[in-house]
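Asker: Let's see this in three dimensions:
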Amino acid sequence: MPRLWRPRAAAVSGARSVAKGKRYERQVARVLRALYPDARRRLQYQRAHGAADVHAGPLRIEVKAHNVAAPRVYRETAKKAGLDVLPAVVQPAGKGGPLLITLSLRDFVFLVIEGADL
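Answerer: Numbering: from 1, shown residues only. Next up, the predicted model:
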């Protein structure tokens, strides 16, 4: 009779998924520290209050370790973000591809102008 249920496989897969997500969050925070020294990853228990994965200056970033519908995630992040912050989504461009960031054109222009003043 074949074995239909493997209790350990799901647990390992879930743990690997969580670890992968944390790695991506740490990588994004590390890269953004060049622009915003206060960039940091938010802890899991802080997300219960709608906190984004990474806070970096005015950016509130939702990090996804897999391809998702970025516009949908961006809208959800924008709803949770306050008026004085800029929501963004970071995700890889395919398997092994570079990380891409999604934010509104208005917010992008604001960041470029703010960076020119530095």
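Asker: For residue 18, grab the count of nearby residues.
Answerer: Each residue near residue 18 was counted by other CB atoms under 10 Å, and the total is 12. Placement of C-beta: from N, CA and C, glycine included.
Asker: tell me the contacts of it?
Answerer: Residue 18 makes contact with no residue under the criterion CB atoms under 8 Å, 6 or more residues apart in numbering.
Asker: looking at the protein, which helix or strand does the model trust least?
Answerer: Lowest mean confidence among the helices and strands of the chain (mean pLDDT, DSSP states H and E): helix 7-32, at a mean of 77.
Asker: Next secondary structure after that helix?
Answerer: The C-terminal neighbour of helix 7-32 among helices and strands, as given by DSSP states H and E, is strand 40-41.
Asker: Residue 41 and residue 24 touch, don't they?
Answerer: No: with contact defined as CB atoms under 8 Å, residue 41 and residue 24 do not form a contacting pair (9.7 Å).
Asker: ok but residue 65 is inside a strand, no?
Answerer: No: residue assignment for residue 65, taken from DSSP: H, G, I helix; E, B strand; the rest coil, gives coil, which places it outside any strand.
Asker: Tell me who's in contact with it.
Answerer: In this structure, residue 65 makes contact with 17, 20, 21, 23, 24, 91, 92, judged by CB under 8 Å, 6+ apart.
Asker: let's go with 7 Å and repeat that
Answerer: 20, 21, 24 (CB atoms under 7 Å, 6 or more residues apart in numbering).
Asker: Check which residues of the least confident helix or strand of the chain are buried.
Answerer: Under the neighbour-count criterion of 16 or more other CB atoms under 10 Å, helix 7-32 has 21, 24, 25, 27, 28, 29, 32 buried.
Asker: Also stretch 93-109?
Answerer: Taking 16+ other CB under 10 Å as the criterion, stretch 93-109 shows 102, 103, 107 as buried.
Asker: what about that stretch, start to end distance?
Answerer: Terminal residues of stretch 93-109 are spaced 23 Å apart (CA to CA, to the nearest Å).
Asker: Give the rounded mean pLDDT of it.
Answerer: Computed over stretch 93-109, the mean pLDDT rounds to 87.
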